[in-house]
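J.: my questions concern the predicted model and sequence given below.
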Amino acid sequence: MQNPIVKKEFTVSKWEDCYYVIDKTKKLPVLKVGRFVGLLLLLCNGKNDVENIILTMSKCTRDNNLELKKKVIDTMESLQLFIEDASEQRNFSAESNLVEELSTIAENYLEFRKDYPLYIDFYLSNKCTRNCIYCFSGSQSKNESYATNNFLSVERFKEISYEAQNLGTKTFIFTGGEPMLNPYIFDYIHIARLSGISVKTSTKMKLSQAFTKKLLDAGLSSLQVSIDSANSEIEDFLVGTIGVLPELVQTAENALHVGIPLSVRCVITKYNADEIGDLLIFLHEREMFNVSFSFWGESCETKVGNLGASIDQVQRLNSVIEKFRITHPKMQIQYNFSYLDILTEEKSNINAKNYLRRPICMASVNGMKVRSDGKVMFCDQVQYCDELIVGNLHTEGIQEVWKSLEMMRWLSPSREGFQKTLCYSCADFECCYRHRCHKDTIIKYGTLFARNVYCNMIADLFPMLSVKKMTLYP
C-alpha cells in the first residue's frame, strides 16, 4: 500500500482524548482507538506515502525507526477494513457532526436540568389490591403487614405544595402501589389544586361513581385506569386477581360519566401482545379513546423471568396499531414503534453500533420521585436501594433536595466508587455515565458500581483487530 487513504465510507474524529472511526452512511461510531492509531488514520489521507507517514509519526513517538516502521506497517495491515490504497489525492475530512453533538451533550448535561422539578411523582402507598406479575415497584398486598407507609402528613404536604407552586412545578402525579388506598388522597388533591398544580393519578381498583365524583370535586385533572386485555382470563392472570376486568371497566366508565378525563394504560407482555387488537376494539366500543402502551421491562423488585413479547409478536403488533390508527381516527394511541429496533438489536447482539447513541438517563433531570415513606429516590426504577435515596421531604424542602450533594453525587458522580472497575481509569467515564441505566446495572451485576452493561460491545464488533489500544478501554 503506497498511498493509504481512509475508505470513503468512513471518517475519523477526535473526541476528548480518543479517536473514533465513523461510518458516514449510518453516522455512527464503529471503532474507538488510541492516540497512535488515531494519528495514523488521520495521516492516511491519500497525500502521504508510507515513508512520509512514518517520518511524521516519529515526531510523536519514542520508538526507534525500525520499531516504528514495523509498528506502522503492522497497524496498517490490521486496518484494511478501513483503509485502502489511493491512486490519486482525495480530500479527507476529520469532522463529524455526530461526535460534536455527543460531546455537546456530555459537556452540557447538567445544563439541560431545570432549577426545579417540572413534576413530582408521589408514591402515596406501597400497598396494592392486585398482584400484577409485571409490577416494577415491588408493591405489597394490602393484606400483608408492612412498616413503610409513612407518607407526608396533610400539613406537611400543604407546605410542600406551596413550595412547589412558588418554584413553578406544574404537575403532581399520584401513584403507588395503589394510590386510592391512601385515606388522605382527597385532601392531597385539593391542596395541590389550591396551589394551582395539576394532579394526575392512576388506579387498578374498582371505584364507585360516588368515589370518582369525589375525586373530581377534589380537583383531579385526569385518571389513568390499567387494563391489559379484553380477555378476562388473560387479564386475571396478568393482574393476579379473579374477575378484575368488569371492575376496571366499571371504574373507567364511572370516570367518564362524572367528567374526569380518562386514559387507559396497557403493559405489553408475551401473554397479551397478540390480543391488543381486540383490546383496542373493546375500548373504542366503550368510547375510551385515549390509550397508552408500554412494553414490559425487567424489574429489580419482582423476579418473574422474561415476560417480554417476541420479535414476531412486536412486528405483528406494530402493524395492528398502525392500521387501527387509520381506521379509528378518534383513538389517541401512544405507542413506541421504535421498540422493535431496540428488541432486534438486543436479540442479535449488535447494539454496540449505537453505543454512543444510547438514550441519556433522565433520572431526576426533569422530575422528582417521592417514595411512600417520604424519601426522595434518584431513580424510581430502583426504589429500595438506600444508596439512591437523595433526600427526605419529611425534613427537607423540594429545592433543598433538588440541589443537594446527594443528588449531585448521582447526577455527576466521581470515579471513586468505581475504583475496582474498568470505569475508574476510562477516558469516557463522564460521557458514558450519562447513558447508564441503574436498573440494568443492578440486575446484571448486583451493584450500582459496575461497568456499563454494554461497555465491551464496540470492541466485540471487531475481534480481528488485535493492535494494542484498539479496545473500548485503551
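T.: It's in.
J.: what about Ile227, how many residues close to it?
T.: 23 (other Cβ atoms under 10 Å). No exception for glycine: its C-beta is placed from N, CA and C like everyone else's.
J.: so it touches Asp278, yeah?
T.: No. Counting by Cβ atoms under 8 Å, Ile227 sits too far from Asp278 to count as a contact (11.7 Å).
J.: how does the protein divide into domains?
T.: 10-86+98-104, 114-403, 414-473 (the TED database).
J.: which one of those has the lowest average pLDDT?
T.: Note on these: lowest mean pLDDT is at domain 414-473, with a mean of 64.
J.: tell me the contacts of Asn48?
T.: Asn3, Pro4, Thr56 (Cβ atoms under 8 Å, 6 or more residues apart in numbering).
J.: any idea how far the last one lies from Val50?
T.: The one in question is Thr56. 11 Å (Cβ to Cβ, to the nearest Å).
J.: what does the second one give?
T.: Spatial separation of Pro4 from Val50 under the definition Cβ to Cβ is 7 Å.
J.: among these two, which residue is more densely surrounded?
T.: Pro4 (24 against 17).
J.: does that one touch Glu77 like I think?
T.: No. With contact defined as Cβ under 8 Å, Pro4 does not count as touching Glu77 (10.6 Å).
J.: starting at the chain centroid, how far to stretch 158-168?
T.: The chain centroid and the centroid of stretch 158-168 are separated by 28 Å under Cα atoms, centre = their mean, to the nearest Å.
J.: now the element after the longest helix seen in the chain, going C-ward?
T.: Counting residues, the longest helix in the chain under DSSP state H turns out to be helix 311-327. Next along the chain after helix 311-327, taking DSSP states H and E as the criterion, comes strand 332-334.
J.: list the strands paired with that next one, with their directions.
T.: With DSSP bridges as the test, strand 332-334 is paired with strand 290-295 (parallel).
J.: how about the partner strand: buried residues?
T.: Asn290, Val291, Phe293, Phe295 (16 or more other Cβ atoms under 10 Å).
J.: now the third one, nearest residue through space, not along the chain?
T.: If you skip the residues right next to it in sequence, Phe293 has Tyr335 as its closest partner in space, 4.7 Å away by Cβ to Cβ, 6 or more residues apart in numbering.
J.: count of neighbours near that neighbour?
T.: 21.
J.: spit out the contact partners of it.
T.: Ser292, Phe293, Ile321.
J.: which one of the residues you listed sits closest to Tyr134?
T.: Phe293 (12.9 Å; Cβ to Cβ).
J.: now for that closest one: which residues touch it?
T.: So Phe293 contacts Arg265, Cys266, Val267, Ile268, Ile276, Ile321, Ile333, Gln334, Tyr335, Asn336 (Cβ under 8 Å, 6+ apart).
J.: how about 7 Å then?
T.: By Cβ atoms under 7 Å, 6 or more residues apart in numbering, Phe293 lies in contact with Cys266, Ile268, Gln334, Tyr335.
J.: same thing with Lys14?
T.: Gly38.
J.: give me the element it is part of.
T.: Per DSSP H and E: strand 10-15 holds Lys14.
J.: chain center to the helix or strand just after that strand, what's the gap?
T.: From strand 10-15 onward toward the C-terminus, using DSSP H and E, the following helix or strand is strand 18-23. How far strand 18-23 lies from its chain's middle: 25 Å, per Cα atoms, centre = their mean.
J.: which elements pack onto strand 18-23?
T.: Contacts defined by 3 or more Cβ pairs under 7 Å, 6 or more residues apart in numbering; DSSP states H and E place strand 18-23 against strand 10-15, strand 28-33, helix 35-43, helix 97-107.
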